[in-house]
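**Q** Dropping the sequence and predicted coords here.
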Amino acid sequence: MTITVRDEKRLLSDDEFETVARTHYPAICDLGRKDLVDHQKRLRDLRAKARDRSREQRREVRGKAAPRGARPATDNTGTARKEQVFVGALKRVNREISRFAKAEGHESQRDIMLRALEQKRAARKQTHPRAGATAHHGMTAKPDGGKHPKVDPDYPTSGG
């Protein structure tokens with residue numbers, strides 16, 4: 001069951017409500033990573049306090065513990081709901097912190113492209129000599145690298 005902001009304001013003190021109000025959607029986007037971590041710690045402390053008080057009130061209702069205040073507690077629903085408010089706020093903060101962590105883990109497109117360019121340039125370097133002429137499909141002319149002597153066509157040959 002969701003708790004409305006109006007119910008949160010009624011359940012919490014002013015400073016507690018201020019802390020929880022910053023965890024709602026557009027305000028949480030304005031918080032930086034450091035602010036989120038500070039809110040996370042504060043909300044954990046508030047949740048622990050509400051949880052402990054709720055357990056104490058439950059024990060008072062059952063008669064297992066002595067009353068803490070002037071009147072013994074009759075139920076702990078208000079304190080339990082207060083704890084639920086802090087749990088919801090803590091979930092929102094944790095989700096935002098994990099979003100920050102996920103965004104930091106990804107490389108930017110520029111970094112990826114620069115790394116690919118470096119790999120491409122490194123692959124261009126030839127570490128082995130070329131194989132030279134190789135067999136292909138069909139006949140190909142093979143360049144003749146040797147020198148041929150020039151013969152005068154008018155020169156008489158033997159036998160004639």
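**A** Okay, I see it.

**Q** got any ranges where the protein has weak pLDDT?
**A** The chain contains residues with pLDDT under 70 at 1, 133, 135-136, 138-140, 158-160.

**Q** Let me know the helix or strand that the residue nearest the centre of the chain is in.
**A** In the chain, the centroid-proximal residue (Cα atoms, centre = their mean) is residue 102; its distance is 0.6 Å. Using DSSP states H and E, residue 102 maps to helix 77-105.

**Q** Follow the chain on from that helix and name the next helix or strand.
**A** Per DSSP H and E, helix 77-105 leads on to helix 109-124 as the next helix or strand towards the C-terminus.

**Q** Which strands or helices does that next one pack on?
**A** Helices and strands touching helix 109-124, as assessed by 3 or more Cβ pairs under 8 Å, 6 or more residues apart in numbering; DSSP states H and E, are absent. For every residue, glycine as well, the C-beta is placed using N, CA and C.

**Q** got the contact list for it?
**A** Residues outside helix 109-124 that contact it (Cβ atoms under 8 Å, 6 or more residues apart in numbering): residue 107.

**Q** do the same with stretch 57-68
**A** Under Cβ under 8 Å, 6+ apart, the answer for stretch 57-68 is 56, 72, 73, 74, 75, 76, 79.

**Q** buried stuff in it?
**A** By neighbour count on 16 or more other Cβ atoms under 10 Å, the buried set for stretch 57-68 is 57, 58, 60.

**Q** The first one: which element?
**A** Under the assignment given by DSSP H and E, the secondary-structure element containing residue 57 is helix 33-62.

**Q** what's the burial count for residue 37?
**A** 14 (other Cβ atoms under 10 Å).

**Q** Once you drop chain neighbours, what's closest to it?
**A** Distances taken as Cβ to Cβ, 6 or more residues apart in numbering place residue 97 nearest to residue 37, at 6.9 Å, with adjacent residues excluded.

**Q** ok, the one you found - contacts?
**A** Residue 97 neighbours (Cβ under 8 Å, 6+ apart): 33, 36, 37, 40.

**Q** neighbour-wise, which of these leads?
**A** Using other Cβ under 10 Å as the neighbour criterion, residue 36 leads the contacts of residue 97 with 20 neighbours.
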